[in-house]
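# Structure for the following, please:
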Amino acid sequence: SLFDFLTFGLLLGVLHAGPVEFRTGWFVESLATQTLIIFAIRTRRVPFVKSRPGTLLTLTTLTVITIGIALTLVPLSHSLGFSPLPWQYFAALVALTAAYLILVEITKTVFYSEPVQTAGAAHRTRGHTHRIHRRAARFSHPGHLRSAASGQRR
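Got it, this is the predicted structure:
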């Protein structure tokens, strides 16, 4: 929503867009951010730096964005309710989209970080590896697992 409001401010306050230009600008911005977010949510790592997406995913995403922009430029655009946008909008769109993706990466880092321990709270003795093995056990062991402490089935 923050980036939608920034786009609204750009379109209305800076570019003085009318209703058709506003609709067109919001369409292009929404399409770009919502398709590019796929790269951020598909991995816990930094996309394109520590986790390379597949070629097909990259090409498909860029094709969707290109088609979306092209829809605003072709003669059919007027019947779709779109109009061509100034180049300044696209320059700002690149900056807004980059800021959006950076903020998503920062938020991802905070989300996946270890929770803060409060004073006096019990410290967890089992780590990440134990949790992964515990969750995977039901898929890698036939039958029911026995509790190590009691020897009984769970």
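
# what residue lies at the spatial centre of this structure?
For the chain, I37 is the residue whose C-alpha lies nearest the centre (Cα atoms, centre = their mean; 2.7 Å).

# now that residue: how far from Q88?
24 Å (Cβ to Cβ, to the nearest Å). For the C-beta atoms, the positions are set from N, CA and C on the backbone; glycine is no exception.

# Skip ahead from the longest helix anywhere in the chain and say which helix or strand is next.
Determined from DSSP state H, the single longest helix within the chain is helix 87-112. Sequence-wise, the next helix or strand downstream of helix 87-112 (DSSP states H and E) is helix 128-140.

# That next one - what's its average pLDDT?
Helix 128-140 carries an average pLDDT of 74.

# picking that back up, wait, the residue nearest to the centre of the chain touches E105, no?
No - assessed by Cβ atoms under 8 Å, I37 is found out of contact with E105, at 10.9 Å.

# Where does the prediction get shaky in the protein?
Judged by pLDDT under 70, the chain has its weakly predicted residues at 116-124, 138-154.

# who does the longest helix of the chain touch, helix- and strand-wise?
helix 2-9, helix 19-41 (3 or more Cβ pairs under 8 Å, 6 or more residues apart in numbering; DSSP states H and E).

# And these: which comes nearest A95?
For these, the distance to A95 is smallest for helix 2-9, at 9.8 Å, taking Cβ to Cβ.

# buried stuff in that closest one?
L6, T7 (16 or more other Cβ atoms under 10 Å).

# who does it touch, helix- and strand-wise?
Where contact means 3+ Cβ pairs under 8 Å, 6+ apart, helix 2-9 is packed against helix 19-41, helix 87-112.

# ok and that helix relative to helix 19-41, angle-wise?
Using axes from the mean of the first three to the mean of the last three Cα atoms, to 10 degrees, the inter-axis angle of helix 2-9 relative to helix 19-41 is 160 degrees.

# Apart from its neighbours in sequence, what residue is nearest the residue nearest to the centre of the chain?
With sequence-adjacent residues excluded and distances taken as Cβ to Cβ, 6 or more residues apart in numbering, I37 is closest to V104, at 6.6 Å.
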